[in-house]
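[1] What follows is a predicted protein model with its sequence.
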Amino acid sequence: MRADARREQLIGVAVDLFSRKGFSGTTTKEIAAAAGVTEALIFRHFPTKDALYDAILRWRVEKCGTQNWLELLQPLADNRDDDGIIRAVTSGLLEFHRENVDFLRLMFFAVLENHELAQSFRESQIRPIYEFLTNYISLRQREGAFRSLDPGTTVRAIFGAPFYHSIVNNLFHCNMLQVSDEVAVDTFVRLALDGLRTPEDHTEG
């Protein structure tokens, strides 16, 4: 196996084990056994377990595409497409969680274990989106389209509903609410816009 292919294989195996047992509960010996290689081979690619954990972050960042997401949001912002922006953020969050449940579990472990992976991911991937939305909401408030609410707290509310919906479905497997992502997104967008828009700017949709 080529070196780059081997690295990706080891990262994939490590993500699965770290997401089920946490960083502290997973040994490089277990990762080697699951990958069908020797422990020495892991250390040839990653000098320490921390280095392997850091590689997972870089690997996931490449697949996350935050910069592409920002490039998608910018023209929506330029056109003052409030619905489009909130819809893109909401649907993007649900899609990322649905396709990366193992990484979602890993991030919860990282927070509980106070590992810097969680903070690194927040700073590199979540903060840019958060700041973009905060700035956009502030702009729309100055233009009189949105109510005078705290922009940062408003962004948390916009993220909060789909995040909770995703966690309940993907981690807790609680299926009391039989609803498609499309219906959920429509609902979250409508709730957000109804709460944000000023009476003068309030429109259906």
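    Noted; the coordinates are in hand.
[2] What sits closest to Val155 if chain neighbours are left out?
    In space, and not counting its chain neighbours, Val155 is closest to Leu133: 4.6 Å by C-beta to C-beta, 6 or more residues apart in numbering. The way it works is simple: take the backbone N, C-alpha and C, and place the C-beta from them, glycine included.
[3] Run through who's touching the helix or strand that contains that neighbour.
    Leu133 belongs to helix 127-142 when assigned by DSSP states H and E. With C-beta atoms under 8 Å, 6 or more residues apart in numbering as the test, helix 127-142 has contacts from 66, 69-70, 73, 77, 80, 82, 85, 89, 146-149, 151-152, 154-155, 158-159, 196.
[4] Any of the residues you listed buried? List them.
    Among those, the ones that count as buried by 16 or more other C-beta atoms under 10 Å are 66, 69, 73, 77, 82, 85, 89, 146, 151, 154-155, 158-159, 196.
[5] re earlier: continuing past the helix holding Leu133, what's the next helix or strand?
    The helix or strand immediately downstream of helix 127-142 is helix 151-170, counting by DSSP H and E.
[6] Now do the next helix or strand after that following helix: which elements does it pack against?
    Once helix 151-170 ends, the next helix or strand along the chain (criterion: DSSP H and E) is helix 181-196. Counting contacts by 3 or more C-beta pairs under 8 Å, 6 or more residues apart in numbering; DSSP states H and E, helix 181-196 packs against helix 82-99, helix 151-170.
[7] Nothing else from me, thank you.
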